[in-house]
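In: Show me the folded form of this:
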Amino acid sequence: MILRNMVNIVLYLMRLSLSLLFLWITFNWKVRKTRKAFERELVKIGMERENAKKLGTHYLKLKEDLIRTMKSSF
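Out: Here you go, the predicted structure:
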């Protein structure tokens, strides 16, 4: 009985870890995609590429702040 409970706990922890890993990978990809689209739209309306990239870095800062907050909550 105890062995069965331990196996269940390990399986649930592995499942949770895989879900968190998938969430992290997806989140990074979505932020990158959003930042690129934002920069492309700014260039499209006439802003210089360098200035658009500077504004796009705010997405990266927000992502890092969010990840840091999530890590500190654990």
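In: tell me the centre residue of the chain?
Out: Note on the chain: the residue nearest the mean C-alpha position is residue 27, at 2.9 Å, using C-alpha atoms, centre = their mean.
In: Go ahead and confirm that one touches residue 59.
Out: No. Counting by C-beta atoms under 8 Å, residue 27 sits too far from residue 59 to count as a contact (11.7 Å). From N, CA and C alone the C-beta is placed, and that goes for glycine too.
In: List the buried residues in stretch 33-41.
Out: 35, 39 (16 or more other C-beta atoms under 10 Å).
In: residues making contact with it?
Out: 49, 52-53, 55-56, 59-60 (C-beta atoms under 8 Å, 6 or more residues apart in numbering).
In: switch to 7 Å and redo it
Out: Residues outside stretch 33-41 that contact it (C-beta atoms under 7 Å, 6 or more residues apart in numbering): 52-53, 56, 59-60.
In: Same check on stretch 42-55?
Out: residue 39.
In: Next, the buried residues of that stretch.
Out: Buried residues in stretch 42-55 (16+ other C-beta under 10 Å): 42, 52.
In: so how far is it from its chain's centroid?
Out: 23 Å (C-alpha atoms, centre = their mean, to the nearest Å).
In: Stretch 5-22 too?
Out: For stretch 5-22 - counting by C-alpha atoms, centre = their mean - the centre lies 20 Å from the chain centre.
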